[in-house]
Structure formats: C-alpha cells, structure tokens
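Engineer: quick one, structure for this:
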Amino acid sequence: MKWLTFLKVMVLAAFIFFTFSCGNTSAYPENNAPVEEKHEEEATQTAHLKPAQIVAIGLETGVFSPLKIAGYFTTNGTIDLPPQSIATVNAPEIGFVKEVGNYVVGNYVEKGAVLAILEHPLYIQKQQEYLEAIAKLTWLKQELDRQKTLSDANANALKSYQKAQADFKVMSARKKGLEQYLKYLGIDVERLQRGEISQTIFIKSPLSGYLMEVNANQGMLVQPETKLYTIVNNEHVHLELKVFEKDIAKIEKGQKVTFTIPSLGEQQFEAEVHQVGKAFDPDNKSVLAHCHITSRHPKFVRGLYAEAKIWLDEHTVNALPEDAVIREGGLEYVFVRENEAENGEGEIAFKRIQVRTGKKDGNFVEVKPIDSLLADAVIVTNGSYYLMAEMKKGEVRHDH
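Structural biologist: Below you'll find the predicted structure:
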C-alpha cells in the first residue's frame with residue numbers, strides 16, 4: 001500500500017516538472033526575440049569590403065562641401081583685358097622691313113625686344129637736317145649777339161637786331177622739332193650730335209606679352225597705318241558679364257561671382273563685381289559688369305566664353321556629388337565609412353544612412369541627413385550602388 005502511494009506521488013511530480021519546463025522553454029524565445037530582430041536590422045544596413053575590393057571598384061569617399069545653390073541669377077560673358085594690356089605695333093614712319101625677329105604667333109616677348117628693323121632714305125635726310133639746324137643755330141646765335149651790340153650803340157640797327165632775333169627763334173623751333181621727330185623714330189640724338197648717323201630704325205615691343213598677330217615680313221614696305229604686330233599681356237585678365245534688363249536692379253558692386261569656362265571643363269572659378277556699367281545696350285537689352293577674378297586660375301586667353309552666377313547672398317548648404325546618393329523604394333541613402341582596416345587588412349564597414357536631397361547645382365545636390373550624421377563624416381561619393389549590392393548579398397546570407 002505504501003509502495004503504491006509513493007509511486008503515485010512520483011508520477012505527479014514528474015508531470016508537474018515536465019509541464020513547468022515546457023512552459024519556460026516556449027516563453028524564452030519571446031523574451032529574447034526583440035534583441036535578435038534588432039541585431040538583424042543593424043546587420044542589413046551595413047556593407048563590408050576589403051581594401052583590395054575598394055581599389056578594384058574605384059570606390060571614392062569625401063566629405064560635405066559647402067555649396068551656394070540658391071540666391072543667384074545666371075548670365076554669361078567673356079574673359080577680357082584692360083586696354084593697357086593690349087598693344088598694336090605700327091611703324092612710326094614709312095620704311096622697308098630690313099629684318100624681322102624670329103617670332104611667330106604665340107611667342108612671348110619682353111618689353112623692349114626688337115621685333116623688326118626698318119630702313120629708308122628719309123631717316124638719313126631728317127638726321128642731316130637736324131645736324132644742319134644745329135650748325136645754323138650756332139651761327140644765328142653769334143649774329144644775334146652782334147646785332148644786339150650794334151643796336152645798343154646805334155638805334156638805326158634795331159631792325160637788323162629784330163630780324164636776327166626772329167631767325168634765331170625760327171631755327172631753334174626747327175631744331176627742337178627735328179629732335180623730337182628723331183626721338184619718335186627711336187634714333188639716339190646724343191649719338192647723332194657726335195656725328196653718328198643711323199640708316200635704320202628699330203621696332204620694339206611696348207610691353208611684355210604674347211604675340212597674337214604677326215604681319216611683318218622681310219622687304220615689305222610699311223606705312224604708319226600698317227599693323228605689324230599685336231601683343232597681349234594676360235596677367236590682368238578680368239571677366240566682362242552681360243547683365244540683362246530683368247536683373248539690372250539686382251546687381252551691385254562687391255557681389256560674389258562664380259563662373260565656368262565651358263571650353264576648359266566644369267571647374268569653377270570665383271570673381272567679384274568691381275564695376276557696373278552705366279551704358280545700356282539696346283540690341284541685347286543689357287549692361288556690362290566688370291568683375292575682378294579672385295581665385296587661382298590657368299592662363300586665360302582673351303575672348304573665352306564664360307557662364308556665370310552672380311550671388312545675392314552668402315547662404316550655403318551641405319552638398320555632395322549626385323553619385324553619392326542612391327535611391328530605393330522611394331527613399332534616399334548615402335553610405336558612411338565606419339572604420340579603417342587594421343594594417344591594411346581586414347574589412348571596412350560602410351553603413352547606409354537615410355537622407356533627403358534638396359536643390360541641385362550642376363553635379364552637386366543638397367543633402368539633409370535624417371539619421372544622425374557627423375559634419376566630418378567620410379561619405380562614399382562614387383561606388384554607392386556597388387555597396388548596395390554587397391549589402392543585399394548580406395541580407396540573403398542572413399536569411400539563410
């Protein structure tokens with residue numbers, strides 16, 4: 001009897017233990033399910049690449065760029081030069097080209113460099129007349145002194161003194177005129193006074209710059225109106241912009257300008273409005289804005305076409321290249337680098353962050369992070385879609 005009672009008690013205890021254990025086992029996953037789900041969600045937002053993979057796909061990174069993409073109006077214009085940076089070289093007098101410098105279009109010449117040598121009998125004739133004027137002036141001065149002495153002693157000699165005085169003044173004027181003419185031709189008057197007559201004159205560069213036109217050749221007869229050379233000094237280029245009628249009221253001195261030269265690519269340069277023209281061009285309904293270039297730039301050539309934005313304020317936004325932003329399911333994302341590979345090995349993690357895009361300017365777009373994102377975060381600017389594909393592979397592996 002006792003043995004049957006003990007057996008019933010043991011069976012009942014086993015049943016209760018089994019029931020309690022089963023209840024706890026079924027409840028355990030429910031208590032830990034949120035942890036597993038959270039871990040899974042974080043894993044599916046990250047892609048991992050090895051350094052070799054990054055190099056192979058040409059993945060590029062960068063940071064936010066402050067970009068002006070609002071508060072401006074667009075216009076166009078050209079690269080130009082101030083008048084003092086352009087020189088047209090003509091012959092000062094008729095002559096034959098005896099020699100030309102070894103220059104072609106595009107060559108750089110220094111100020112004072114000899115571009116051509118001219119010769120003509122007229123040059124010799126004018127030097128001769130100058131020397132004769134000096135000799136006559138010496139005689140006339142002596143005659144003037146003699147007539148003055150006679151005039152002081154005899155009133156009847158006054159008329160002769162006055163004539164001698166007039167002749168001296170006329171010859172002095174002729175001598176000075178010939179002297180200035182010879183200097184204009186470039187002839188050294190001091191050497192000439194020593195008796196050294198030159199049969200040639202030199203055509204020299206009036207400034208340092210690049211030859212844009214070369215019209216001289218050996219033996220040609222040139223006149224003062226003949227254009228022999230055109231020289232341009234590109235050191236002081238500026239930007240001349242057309243401001244159209246609808247925008248004239250918006251522009252003023254000191255405003256910032258950004259511009260590109262389409263023929264040179266998409267690089268942006270900076271300038272500042274220095275002066276706004278007052279003359280209105282009725283043909284194209286615009287005024288000219290003279291702008292000084294403030295940023296570093298290559299050697300611009302006069303006449304290059306420019307596309308510009310004149311800024312009305314200094315407001316900037318955070319922007320990235322458009323290739324940095326990927327779109328999926330109506331949402332927008334960027335990838336942010338989370339770590340560096342140790343000793344050039346191991347994997348680098350890139351986390352996907354949701355963002356919103358705003359205004360666009362060329363290849364850049366305003367980016368507003370929705371999730372927390374540091375201002376100096378390293379962001380993938382090229383190769384984001386490859387990372388998205390890698391992330392999708394990770395999702396498939398995790399599902400299995």
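Engineer: and for Glu179, the neighbour number?
Structural biologist: Residues near Glu179, counting by other C-beta atoms under 10 Å, number 17. Where you see a C-beta, it was placed from the backbone N, CA and C, and this is true even at glycine.
Engineer: I'd say it and Glu129 touch.
Structural biologist: No. Applying C-beta atoms under 8 Å as the test, Glu179 and Glu129 come out as separate, 10.7 Å apart.
Engineer: what sits against Asp371?
Structural biologist: Ile353, Gln354, Val355 (C-beta atoms under 8 Å, 6 or more residues apart in numbering).
Engineer: buried ones among the residues you listed?
Structural biologist: Buried members of those, counted by 16 or more other C-beta atoms under 10 Å: Ile353, Val355.
Engineer: restricted to strands, list the contacts of Asp371.
Structural biologist: Ile353, Gln354, Val355 (DSSP state E).
Engineer: quick one: these as TSV, columns for pLDDT and distance to Ser263 too.
Structural biologist: Below are the ones in strands among the contacts of Asp371 laid out as TSV (pLDDT from 0 to 100; distance: C-beta to C-beta, whole Å):
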residue	pLDDT	distance to Ser263
Ile353	90	38
Gln354	91	40
Val355	92	35
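Engineer: and the pLDDT at Met388?
Structural biologist: pLDDT recorded at Met388 is 88.
Engineer: could you do Glu240 as well?
Structural biologist: In this model, Glu240 is scored at 95, pLDDT.
Engineer: can you pull the contacts of it?
Structural biologist: Contacts of Glu240 (C-beta under 8 Å, 6+ apart): Gly77, Thr78, Ile79, Asp80, Leu288, Ala289, His290, Cys291.
Engineer: and of the residues you listed, the nearest to Asn107?
Structural biologist: Ile79 (20.8 Å; C-beta to C-beta).
Engineer: so what's the closest one up against?
Structural biologist: Per C-beta under 8 Å, 6+ apart, neighbours of Ile79: Val237, His238, Leu239, Glu240, Ile261, Phe300, Val301, Arg302, Gly303, Leu304, Ala306.
Engineer: helices - which of the residues you listed land there?
Structural biologist: Cross-referencing those against helices under DSSP state H gives no overlap.
Engineer: wait, Glu332 touches Arg352, no?
Structural biologist: No. Proximity of Glu332 to Arg352 does not meet the contact threshold set by C-beta under 8 Å, at 10.6 Å.
Engineer: now the contacts of Ile79 as a markdown table including distance to Glu347?
Structural biologist: A markdown table is the format used below for the contacts of Ile79 (distance: C-beta to C-beta, whole Å):
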| residue | distance to Glu347 |
| --- | --- |
| Val237 | 51 |
| His238 | 53 |
| Leu239 | 49 |
| Glu240 | 55 |
| Ile261 | 43 |
| Phe300 | 47 |
| Val301 | 50 |
| Arg302 | 54 |
| Gly303 | 54 |
| Leu304 | 48 |
| Ala306 | 47 |
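Engineer: and the strands in the stretch 101-250 of the chain?
Structural biologist: 108-109, 114-119, 200-204, 209-214, 221-222, 227-232, 238-244 (DSSP state E, counting those that start in this stretch).
Engineer: paired strands for the fourth one, with orientation please.
Structural biologist: By that I understand strand 209-214. Strand 209-214 sits in its sheet next to strand 108-109 (antiparallel), strand 227-232 (antiparallel), going by DSSP bridges.
Engineer: what do you get for the third one?
Structural biologist: The strands that strand 200-204 pairs with in its sheet are strand 114-119 (antiparallel) (by DSSP bridges).
Engineer: check the last one too.
Structural biologist: Partner strands for strand 238-244, per DSSP bridges, with pairing direction: strand 72-80 (antiparallel), strand 286-293 (antiparallel).
Engineer: likewise for the fifth one?
Structural biologist: Using DSSP bridges, the strands paired with strand 221-222 are strand 95-100 (antiparallel).
Engineer: and the chain, what are its domains?
Structural biologist: 45-67+317-399, 72-83+234-311, 85-231 (automatic domain parsing).
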